[in-house]
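1. any chance you could fold what I've pasted below:
(one chain, ligands or ions: 1)
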Amino acid sequence: MSKKKIATVWLGGCSGCHMSILDIDERILDVAKLADIVKCPLVDGKEMPEVDVTLVEGSITSDEHLHEIRLIRERSKIVISLGDCAITTNITGMRNYYTKEQALDQAYVHAPSNDGKGQMPLHPQLLKLNDRVIPLHEAVNIDYYIPGCPPSADTIFYVLFELLNGRVPNLDQERKLKYG
Ligand code: SF4
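-> Numbers count the residues shown, from 1 in each chain. Okay, here's the model as predicted:
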């Protein structure tokens, strides 16, 4: 069996889901026997290559994310929504309760960590947030969902290992469908 290709992508998330991928620990060697990780935040590849499986963390917060998830869908045989932010918007989507301007003001000007010295960035054109945060499945078709904040490393490994061996993962078991 020829080796497959995996990508992992970080959109509007906190990187916690990627920390869970790292928590696969030594089982990454079992994955490496079956597939090469050709794109991930630790691999300095700018282009989205054609791959068999892509795990996507985080929700869509900008046009840039929208472009990226469409490209991922185009170039991946299987797309996995990884974690609650990707599936429901979760923490990232909390700003949907406010206007974009209120959220930016809170982050840059009034956040307690700014110690009273906050200000909006000098180049506001860099703040290209969309008005609403959306989950991945509102933009593209998703093949599998791995919930959790973050998802457990055991579940991530299980899903990857099954897919890489040509099997359909059984996510109906309760412990694998745990949100939060
Ligand atoms: S689901 Fe949780 S761990 Fe994953 S990106 Fe969102 S907040 Fe972070």
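
2. beta-bridge partners for the residue positioned nearest the centre of the chain, please?
-> With distances taken as C-alpha atoms, centre = their mean, the chain has residue 57 as the residue nearest its mean C-alpha position (0.9 Å). Beta-bridge pairing for residue 57 (DSSP bridges): residue 10, residue 82.

3. pretty sure it sits against residue 7.
-> No. Residue 57 is beyond contact range of residue 7, at 11.5 Å (criterion: C-beta atoms under 8 Å). C-beta coordinates here come from the backbone N, C-alpha and C atoms, glycine included.

4. in the helix or strand of the chain with the lowest mean pLDDT, what's buried?
-> Here the helix or strand of the chain ranked lowest by mean pLDDT, DSSP states H and E is helix 100-105, holding a mean of 89. By neighbour count with 16 or more other C-beta atoms under 10 Å, helix 100-105 contains the buried residues 100, 103, 104.

5. and for stretch 16-31?
-> 16, 17, 18, 20, 21, 23, 24, 27, 31.

6. tally of neighbours for residue 146?
-> Per other C-beta atoms under 10 Å, the neighbour tally for residue 146 reads 27.

7. what parts of the chain come near the ligand?
-> The interface of the chain toward the ligand, taken as C-beta under 6 Å from any ligand atom, is made up of 13-14, 16-17, 57-58, 83-85, 90-91, 149-150.

8. mark which of those are part of helices, please.
-> With DSSP state H as the criterion, helices contain 16, 17, 84, 85 from among these.

9. save those residues as TSV, and put in pLDDT and distance to residue 35 too.
-> Conversion of those to TSV gives the following (pLDDT from 0 to 100; distance: C-beta to C-beta, whole Å):
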residue	pLDDT	distance to residue 35
16	97	23
17	98	18
84	97	25
85	98	24
